[in-house]
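> The sequence and its predicted three-dimensional model are supplied below.
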Amino acid sequence: MHGQVTGPVYAIYYPVLAAFGVPANLVTIVILSLGKCGLSKCITRYLVGMAVTDLLVIITGVILNRISVMYFPVRFLSITPVCSLKIALTYAARDSSVWLTVAFSFDRFIAICCQKFKTAYCTEKRAAIVIVILCVLSCVKNIPWYFVYEPLYMIKDTPWYCNIRTAFYSELAWTAFDWIDRILNPCIPFLLMLLFNALTVRHILSTLQIRRRLRSQSNAKKQSDPEMESRRKSIVLLFTISGSFVLLWMTYIVNFLYVRTTQDYKISGFNDPKFILQESGNMLQLLSCCTNTCIYAVTQSKFREQFMEILRYPMNLINKVAKV
């Protein structure tokens, strides 16, 4: 019974995710690229980079690897070399998205906690360099995924679909690669974001106590504190983005640790609890590529204003044409 429900859930979930994720990330890229959200150019670079890689994850991971398999099972995309390439590109886009989130968290950590290095590190040029390096490394690191798969079967000398080679689970080199891949994403990013956020919170609390003490001594309790207000907005953005990542990747990490600890790779079907846990982790992990737009809309008033301008643009254009 559970298996009968599970299939349709996936069949509905991924198209809805793509229908929301693609336009949401495209709108985010446009709004942030205009530079009218009151954010620094450094922050904007990272956020645009994250939106682009999130869009690529939706295209490769959801549209090409999920929706195409469910709705167009026998097509050019199902030929083994193309199928392997799709999977490798999905991993590369996913790693780029995750590590850009880590880079953004580190950039905000430097800006808030390490004032001496802020001027040198938190620049638009440095952000662009970091983004390019992380994306290139993510692509190189995931090249081996192309060679993990073999044809599921042959039809007229044409290899079809992707089946994981048995050597992937038995040969030491592949086992080492799989562990390194999981450690580099999501384990290390998960721990780094927790570390950066903990250090940032500790620094903020200590700074807040000092500033309150100084302001009380100068009888300036009722005056606004522009610097702390600016920091507050930056901190809210940082914590919501990194917190969303941690929550949505938690199930994926739990599944990885369970599988590696038990060495139980066999899945009996849709109603197998291991399959449900695995797919739930994949669904939430892919959902993380759609949440940043909602986060910006909730936490950034100027982003909301620009978003409303985009929504009003077609109506304004129609009104202008009608008046002519």
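Nice, thanks for sending it over.
> For the rest of this, base every contact and every neighbour count on C-alpha atoms.
Will do.
> Tell me, please, where in this structure the pLDDT is lower than the cut-off.
Scanning the chain for pLDDT under 70 picks out 1-7, 74, 211-212, 214-231, 234, 265, 324.
> all strands for it, in order.
For the chain, the strands defined by DSSP state E cover 149-150, 153-155, 158-160, 163-164.
> Tell me how far the third one lies from the chain's centre.
Between the mean C-alpha point of strand 158-160 and the mean C-alpha point of its chain there is a distance of 32 Å (CA atoms, centre = their mean, to the nearest Å).
> distance of the nearest residue to residue 304 once chain neighbours are set aside from residue 305?
Excluding the flanking residues, the one nearest residue 304 by CA to CA, 6 or more residues apart in numbering is residue 297, at 5.2 Å. Distance, residue 297 to residue 305, by CA to CA, to the nearest Å: 9 Å.
> Let me know which of the strands of the chain is tucked in deepest.
strand 149-150 (a mean of 20; mean count of other CA atoms under 10 Å).
> which neighbours does that one have in its sheet, and in what orientation?
The strands that strand 149-150 pairs with in its sheet are strand 163-164 (antiparallel) (by DSSP bridges).
> re earlier: pretty sure the residue nearest to residue 304 is touching residue 303, no?
Yes. Counting by CA atoms under 8 Å, residue 297 sits close enough to residue 303 to count as a contact (6.0 Å).
> Break down the stretch 201-324 of the chain into its helices, ranges please.
With DSSP state H, counting those that start in this stretch as the criterion, the stretch 201-324 of the chain has helices at 226-262, 273-287, 291-299, 301-323.
> chain center to the third one: distance?
Remark: helix 291-299 is offset 13 Å from the chain centroid, using CA atoms, centre = their mean.
> what residues does it touch?
The list of residues contacting helix 291-299 from outside it, by CA atoms under 8 Å, 6 or more residues apart in numbering, reads 24-25, 28, 51, 233, 236-237, 240-241, 244, 303-304.
> Which of these has the largest number of neighbours?
Of all the contacts of helix 291-299, residue 51 has the most neighbours under the rule other CA atoms under 10 Å, reaching 27 neighbours.
> does it really touch residue 29, like I thought?
Yes. Assessed by CA under 8 Å, residue 51 is found in contact with residue 29 at 6.1 Å.
> Phi, psi for residue 148 please.
When read as degrees, to the nearest 10, the backbone of residue 148 gives phi -70, psi -30.
> doesn't residue 169 make contact with it?
No. Assessed by CA under 8 Å, residue 148 is found out of contact with residue 169, at 10.3 Å.
> contacting residues around stretch 98-106?
In contact with stretch 98-106 (CA under 8 Å, 6+ apart) are residues 43, 46-47, 49-50, 130-131, 134, 185-186, 189, 192-193, 196-197, 238, 241-242.
> how far out from the middle of the chain is that stretch?
Remark: stretch 98-106 is offset 10 Å from the chain centroid, using CA atoms, centre = their mean.
> ditto for stretch 167-187
With CA atoms, centre = their mean, you get 21 Å for stretch 167-187.
> And that stretch, what's buried?
Neighbour-count burial for stretch 167-187 flags 168, 174, 177-178, 181, 184-186 (criterion: 16 or more other CA atoms under 10 Å).
> just stretch 256-273 next, same as before
Buried residues in stretch 256-273, counted by 16+ other CA under 10 Å: 256, 270-271.
> want to throw those residues into CSV with distance to residue 20?
Shown next, in CSV, are those (distance: CA to CA, whole Å):
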residue, distance to residue 20
256, 28
270, 26
271, 28
